[in-house]
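**Student:** With the sequence up front, the predicted model follows.
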Amino acid sequence: MRNGQLNNLKVLTFIRQELRNGATDSEKILWEQLKGSKLAGRKFRRQHSIGLFVLDFYCPSERLAIEVDGGIHDAPDVKIHDEERQKAIETLDIRVLRFQNADVLKNVSKVLSEIQQHFTTPNPLLKQEGA
């Protein structure tokens, strides 16, 4: 499958919309910090699908997925599913970072700092200023 065929498949449009509308408080807080290229000029998408997987947040330029997990993700069967899902996503050369809801709610600045530490491309804002 070509990359264009993997992103935001039409069959998942309704699911992505439902996930956006039903975002958790921690997802809403993190989205406020990521939208509009606020984090080091990187564009993030929310509830973006790659193949049949819907990612909480995705930064295309960094090939970086951000997942925000609630308590349900501590259940053994869900952990196994998450691990399998993550391995499948990583085979597409996409890195996955996971955070707990509580981490975002307690210290979103720390979460943002950790996300930034995983950026590997030059800051697009600096590139524009130097042009």
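**Tutor:** On my side now, so go ahead. Numbering: from 1, shown residues only.
**Student:** contacts for whichever strand or helix holds V68?
**Tutor:** Element membership of V68, judged by DSSP states H and E, is strand 64-69. Strand 64-69 is contacted by residues 24, 26-27, 30, 34, 44, 50, 55-59, 82, 89, 94-101, 104, 115, 118-119 when judged by CB atoms under 8 Å, 6 or more residues apart in numbering. C-beta: built from backbone N, CA, C; applies to glycine.
**Student:** so where's the chain uncertain?
**Tutor:** 1-6, 8-16, 18-21, 71-75, 127-131 (pLDDT under 70).
**Student:** Could you pull out the helices in it for me?
**Tutor:** Along the chain, counting by DSSP state H, helices occupy 3-6, 13-21, 25-34, 76-90, 101-106, 108-117, 124-130.
**Student:** and G70, which of those is closest to it?
**Tutor:** Nearest to G70 among the helices of the chain is helix 101-106; the distance by CB to CB comes to 4.9 Å.
**Student:** Quick check: buried residues in that closest one?
**Tutor:** 101, 103-104 (16 or more other CB atoms under 10 Å).
**Student:** Please apply the same query to stretch 78-89.
**Tutor:** 82, 85-86, 89.
**Student:** which residues sit against that stretch?
**Tutor:** Contacts of stretch 78-89 (CB under 8 Å, 6+ apart): 50-51, 53, 55, 65, 67, 69, 72-73, 96, 98.
**Student:** I'd like these laid out as CSV, including neighbour count.
**Tutor:** Formatted as CSV, these follow (neighbours: other CB atoms under 10 Å):
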residue, neighbour count
I50, 20
G51, 16
F53, 17
L55, 22
A65, 22
E67, 17
D69, 20
I72, 8
H73, 15
V96, 17
R98, 14
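**Student:** Let's see which of these end up in strands.
**Tutor:** Among the contacts of stretch 78-89, the ones falling in strands (DSSP state E) are 50, 53, 55, 65, 67, 69, 96, 98.
**Student:** Nice, that's everything, thank you.
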